[in-house]
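> Take a look and give me a structure for this.
(one chain, ligands or ions: 1)
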Amino acid sequence: MNLFDVYPLYHVTPVSAKGIIVTDDKGEEYHDFYGGHAVISIGHSHPHYVKRIKNQLDKIGFYSNAVHNPLQVALATKLGQLSNCENHQLFLCNSGAEANENALKMASFHTGKTRIIAFKNGFHGRTSAAVAATDNEKINSPLNKQQKVSILPLNDSEQFKKEIDKGDVCAVIIEAIQGVGGLDQPSTSFYQEIAKLCKKNDVILIADEVQSGFGRSGAFFGFQHHQIQPDIISIAKGMGNGFPIGGILIHNRIKPKHGLLGTTFGGNHLACAASLAVLEVLESEKLIDNAAAMEAYFKEKASEIQQIKRVKGRGLILGLEFDFEIAELRKKLIYEQHLFTGGAKDKHVLRILPALNITTKHIDLFFNALKEVLK
Ligand SMILES: Cc1ncc(COP(=O)(O)O)c(C=O)c1O
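Numbers count the residues shown, from 1 in each chain. As a prediction, this is how the structure comes out:
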């Protein structure tokens with residue numbers, strides 16, 4: 001059987017990885033400044049992470065959500081503490097799209113309404129309502145297009161007010177820092193304005209923190225740079241450092257009912273152990289502070305390169321904007337300099353999403369390699 005060929009591939013075959021280094025089948029080493037789409041948060045094969053998952057596997061890897069699972073309770077407790085979102089409840093699932101799908105569904109259950117407001121260049125996943133709220137015509141099938149979604153420009157308060165005032169909106173979904181789109185951010189005043197208007201209109205504000213969450217922005221969540229509190233927060237990616245896990249944090253005023261949401265695999269023992277290990281390492285190694293500190297150093301180094309028009313993003317969810325399309329540059333970085341980086345919907349933006357424990361040495365190495373390919 002052939003693989004369903006939907007991914008354009010770089011010709012590299014990783015077989016092992018440690019920290020920021022990925023090694024291929026020929027023994028060649030690559031520096032990973034992309035973490036497989038922002039997934040690697042505490043570094044590849046972090047010893048504490050490996051040990052915790054192995055220990056868990058020796059005990060029990062999986063049982064369904066029909067029985068008590070103390071690891072879920074431990075994860076909810078630790079997550080509440082570290083994220084400062086203790087007035088939320090946790091529902092666990094398996095991916096970012098699934099997290100957003102459940103968030104949107106909860107918003108519709110709670111409000112009884114059906115329309116979603118989302119934003120230009122936003123990305124929320126590839127499932128039913130999540131993909132409909134994603135600003136990309138090409139990945140929406142006719143089935144998805146049946147959903148009621150209004151995609152509005154970021155930072156346009158007037159248009160936002162006009163839409164939400166129509167009274168049929170159940171949810172507003174927004175990334176604090178757009179990942180796939182190219183690192184644009186809502187301004188603090190816009191984010192605060194939409195939070196206020198959501199409250200006034202009985203609309204659920206969903207913070208999609210799938211990419212920007214778990215410390216990557218230099219705060220636990222990206223929205224925390226704007227002093228607002230969303231009703232639902234969706235998480236995945238860095239949450240499991242490669243182990244598939246996602247979830248939503250749902251405000252306590254939204255009440256659960258048995259059978260309302262559900263999943264077979266979500267919140268299984270191994271996934272919870274992986275995510276607990278991530279939280280433990282984030283805390284013990286102070287990686288959120290490191291992400292904030294590395295942002296400053298990265299931006300300082302970027303300012304020395306004249307071809308870089310602008311540095312976008314925060315913490316270690318960053319983009320380098322060039323005045324040319326970066327596809328060739330990315331190829332050269334991977335094949336000539338052995339550096340993994342990412343692209344974005346904005347073809348001029350090179351996305352940088354390293355593990356949160358990188359050091360200034362790694363950043364120096366990145367910019368030396370970049371200078372070489374820009375010569
Ligand atoms: C902000 C955001 N939301 C949702 C998703 C979808 O996550 P997943 O690919 O795990 O379904 C992504 C993936 O890139 C994302 O960046």
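
> the strands in the stretch 251-375 of the chain, which residues?
Under the criterion DSSP state E, counting those that start in this stretch, the stretch 251-375 of the chain contains strands at 308-314, 317-322, 339-340, 349-352.

> From the ligand, how far out is the nearest residue to Phe243 once chain neighbours are set aside?
Once flanking residues are discounted, Phe243 sits nearest to Ala274: 3.5 Å by CB to CB, 6 or more residues apart in numbering. Where C-beta positions appear, they are placed from N, C-alpha and C, glycine not excepted. Note on Ala274: its distance to the ligand, by CB to the nearest ligand atom, to the nearest Å, is 15 Å.

> Quick check, pLDDT for Ala274.
In this prediction, Ala274 carries a pLDDT score of 98.

> contacting residues for Gly213?
Neighbour list for Gly213: 220-222, 233, 235, 237-239 [criterion: CB atoms under 8 Å, 6 or more residues apart in numbering].

> Name the residue closest to the centre of the chain, please.
Gln211 (1.1 Å; CA atoms, centre = their mean).

> quick one, what contacts it?
Per CB under 8 Å, 6+ apart, neighbours of Gln211: 37-38, 96, 175, 177, 179-180, 237, 317, 353.

> Number of residues surrounding the spatially closest residue to it that is not a sequence neighbour?
Nearest-residue entry for Gln211: Gly179, 3.6 Å, with adjacent residues in sequence omitted and distances by CB to CB, 6+ apart. By the criterion of other CB atoms under 10 Å, Gly179 has 27 neighbours.

> What residues does the stretch 1-150 of the chain have near the ligand?
Where the stretch 1-150 of the chain comes near the ligand, counting by CB under 6 Å from any ligand atom, the residues are 37, 95-97, 100, 123-125.

> What about those, which are in helices?
Mapping these onto helices (DSSP state H) picks out 37, 96-97, 100.

> nearest to Asn136, of these?
Ala97 (13.1 Å; CB to CB).

> give me every residue that touches the closest one.
With CB under 8 Å, 6+ apart, Ala97 has these contacts: 124-127, 130-131.

> ditto for Leu183
177, 312-313, 317-319, 344, 349, 351.

> okay, it: pLDDT?
98.

> so what pLDDT did the residue of the stretch 51-200 of the chain at minimum distance from the ligand get?
Scanning the stretch 51-200 of the chain for the residue nearest the ligand gives Gly96, at 2.2 Å (criterion: CB to the nearest ligand atom). Looking at Gly96, its pLDDT is 98.

> Determine which two of the residues of the stretch 1-150 of the chain next to the ligand are furthest apart.
So, those by CB to CB: farthest apart are His37 and Asn100, at 15.3 Å.

> Between the two, which has more neighbouring residues?
More neighbours surround Asn100 than the other of His37 and Asn100, with 31 against 14 (other CB under 10 Å).

> ok, how many other residues are close to the residue nearest to the more buried one when sequence neighbours are not counted?
In this structure, Asn100 finds its nearest non-sequential neighbour in Ala130, 4.1 Å apart by CB to CB, 6+ apart. Neighbour count of Ala130, defined by other CB under 10 Å: 29.
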